[in-house]
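Undergrad: here are the coordinates; sequence isn't available:
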């Protein structure tokens, strides 16, 4: 890591933009102010925005790198490295890969979850973004409970989400297009898939006890928990009673209001904002944001979305950009219990983005710094690397 000096940009300091100089040493921001100084890397940010790095709590676009077509697999380490490049080139400096562990075989199977966890731990030092796991536990995946309890106890998980897609799975059995996608993902024959669903669904009475065991273990470990697709206030209240304080993609305004009144974090998808609505026809995220019913935006299935969404919100007059940016930086950092990032301030982790916002709705990432390392660069003429640093790099070779 090198000392970095960023001068002349409009930096998001607190709740407003101010022309300021930022300096970082090692992995930490050391100063924000107006004085000049020296850095091994000197960045001229005049005319550009300087923003905290994006913290993404839920991104599963990496699955497309693992299985770009049904039944076509690529090595997990290759997929993770490619996903990391996509993430940092879109300003994501902390990423929670949303790994679904279901009762299904195939892409969301036990074996795949184990391989992903191992691969993330092994390749982590090679990745530019701080990469963690958001384990999405399918509630009917009862045979996995003991192993997941061990993972939680061993602190191998960064976020833990409760998901229950059994009702929608049963509905989709009669919908040809959706049925085909489900079956292809598992690699089973249609008949074998039907038998599997019937066998798993028959264990419904065991689910509440398993959920309670997992939540108790996560509470003891201090692991932040999410509940997915809460559709009623009663459902949100039940999860809150278990210590689950992040409502991920609540499906009704009434449910979101219940979450907000209790001080829960509320997550919606950044692609929903960018596209102007949900691709599934559910809650429109921009409307929820306008009503104060959203505290976090996540990439969901599309890594470019968290960079684009705050600018769309500002352009549409829903939130000023400083407040909109908190939905992808300090909001998710707080939800995940990461108090060392999400803002530009001395002592915080040096996750810094430099962005060209001259074209409305099309912000361009000029540079990304993650943990004090320059990990993305798209405008090299603005950068000066001290000659001593270059000599050291040559000597090291």
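TA: In hand now; what should we look at? Remember, it's a predicted structure, so these values are computed and weren't measured experimentally.
Undergrad: going forward, measure contacts and count neighbours with C-alpha atoms only.
TA: Will do.
Undergrad: which residues of the stretch 101-250 of the chain score low on pLDDT?
TA: Residue ranges of the stretch 101-250 of the chain with pLDDT under 70: none are present.
Undergrad: which parts of it are helices?
TA: Along the stretch 101-250 of the chain, counting by DSSP state H, counting those that start in this stretch, helices occupy 110-123, 145-153, 166-172, 176-186, 190-201, 207-221, 233-241.
Undergrad: closest one to residue 30 among these?
TA: Shortest distance between residue 30 and those, using Cα to Cα, is found for helix 110-123: 28.6 Å.
Undergrad: and for residue 80, nearest residue in space, chain neighbours not counted?
TA: Excluding its sequence neighbours, the residue lying closest to residue 80 (Cα to Cα, 6 or more residues apart in numbering) is residue 62, at 6.8 Å.
Undergrad: check contacts around that neighbour.
TA: Going by Cα atoms under 8 Å, 6 or more residues apart in numbering, residue 62 touches 79, 80, 83, 97.
Undergrad: looking at the helices of the stretch 101-250 of the chain, which is closest to residue 377?
TA: Evaluated with Cα to Cα, those place helix 110-123 nearest to residue 377, the distance being 22.1 Å.
Undergrad: starting at the chain centroid, how far to the closest one?
TA: Helix 110-123 sits 18 Å away from the centroid of its parent chain (Cα atoms, centre = their mean, to the nearest Å).
Undergrad: got the angle for that helix vs helix 145-153?
TA: 20 degrees (axes from the mean of the first three to the mean of the last three Cα atoms, to 10 degrees).
Undergrad: who's in contact with residue 165?
TA: Residue 165 sits next to residue 138 when contact means Cα under 8 Å, 6+ apart.
Undergrad: kindly recompute the last result at 10 Å.
TA: Residue 165 makes contact with 102, 138, 139, 140, 171, 228, 229 under the criterion Cα atoms under 10 Å, 6 or more residues apart in numbering.
Undergrad: can you say which of the residues you listed are buried?
TA: 102, 138, 139, 140, 228, 229 (16 or more other Cα atoms under 10 Å).
Undergrad: not counting sequence-adjacent ones, nearest residue to the residue nearest in space to the middle of the chain?
TA: Nearest to the mean C-alpha position of the chain, by Cα atoms, centre = their mean, lies residue 56 at 2.2 Å. Using Cα to Cα, 6+ apart and skipping residues adjacent in sequence, the residue nearest residue 56 is residue 95, 4.8 Å away.
Undergrad: just give me the neighbour total for the one you found.
TA: Counted with other Cα atoms under 10 Å, the neighbours of residue 95 add up to 23.
Undergrad: residue 124 is in contact with that one, correct?
TA: No: counting by Cα atoms under 10 Å, residue 95 stays clear of residue 124, with 11.3 Å between them.
Undergrad: anything in contact with each of the two?
TA: 84, 130, 131, 132.
Undergrad: next up, the contacts around the first one.
TA: It refers to residue 84. Per Cα under 10 Å, 6+ apart, neighbours of residue 84: 62, 78, 90, 92-93, 95, 124, 126-131, 303.
Undergrad: buried set for the one helix or strand it maps to?
TA: According to DSSP states H and E, residue 84 maps onto helix 76-88. Residues 76, 77, 79, 80, 81, 83, 84, 85, 86, 87, 88 are the ones in helix 76-88 that count as buried (16+ other Cα under 10 Å).
Undergrad: what's the spacing between the spatially closest residue to the second one that is not a sequence neighbour and residue 22?
TA: Right, the one you point to is residue 77. The shortest distance from residue 77 to any residue other than its chain neighbours is 6.2 Å, reached at residue 119 (Cα to Cα, 6+ apart). Using Cα to Cα, to the nearest Å, residue 119 is found at 35 Å from residue 22.
Undergrad: those two - which one has more neighbours?
TA: residue 22 (28 against 16).
Undergrad: assign the more buried one to helix, strand or coil.
TA: strand (DSSP: H, G, I helix; E, B strand; the rest coil).
Undergrad: got a list of what it touches?
TA: 4-9, 11, 29-37, 43, 50, 344-346, 350, 352.
Undergrad: please tell me the pLDDT value assigned to the closest residue to it other than its chain neighbours.
TA: Distances taken as Cα to Cα, 6+ apart place residue 32 nearest to residue 22, at 4.6 Å, with adjacent residues excluded. pLDDT for residue 32: 89.
Undergrad: list phi and psi for residue 32.
TA: The phi/psi pair for residue 32 (degrees, to the nearest 10) reads phi -130, psi 120.
Undergrad: with residue 75 instead?
TA: Phi and psi for residue 75, reported as degrees, to the nearest 10, are phi -60, psi 140.
Undergrad: wait, it sits on residue 64?
TA: No: contact criterion Cα under 10 Å: residue 75 and residue 64 do not qualify, at 11.9 Å.
Undergrad: out of those two, which sits in the busier spot?
TA: Legend: neighbour count by other Cα under 10 Å for residue 75 and residue 64, higher for residue 64 (15 against 11).
Undergrad: can you pull the contacts of that one?
TA: Per Cα under 10 Å, 6+ apart, neighbours of residue 64: 70, 73, 74, 79, 83, 301.
Undergrad: how much space separates the last one from residue 65?
TA: With distances defined as Cα to Cα, the gap from residue 301 to residue 65 amounts to 12 Å.
Undergrad: and for residue 357?
TA: Separation of residue 357 from residue 65 (Cα to Cα) stands at 29 Å.
Undergrad: who has more neighbours, these two?
TA: Taking neighbours as other Cα under 10 Å, residue 357 and residue 65 compare with residue 65 leading, 20 against 15.
Undergrad: is residue 11 in a helix, a strand, or coil?
TA: Residue 11 - assigned by three-state DSSP - is strand.
Undergrad: that one and residue 23 touch, don't they?
TA: No: Residue 11 sits out of contact with residue 23 when judged by Cα under 10 Å, with a separation of 12.0 Å.
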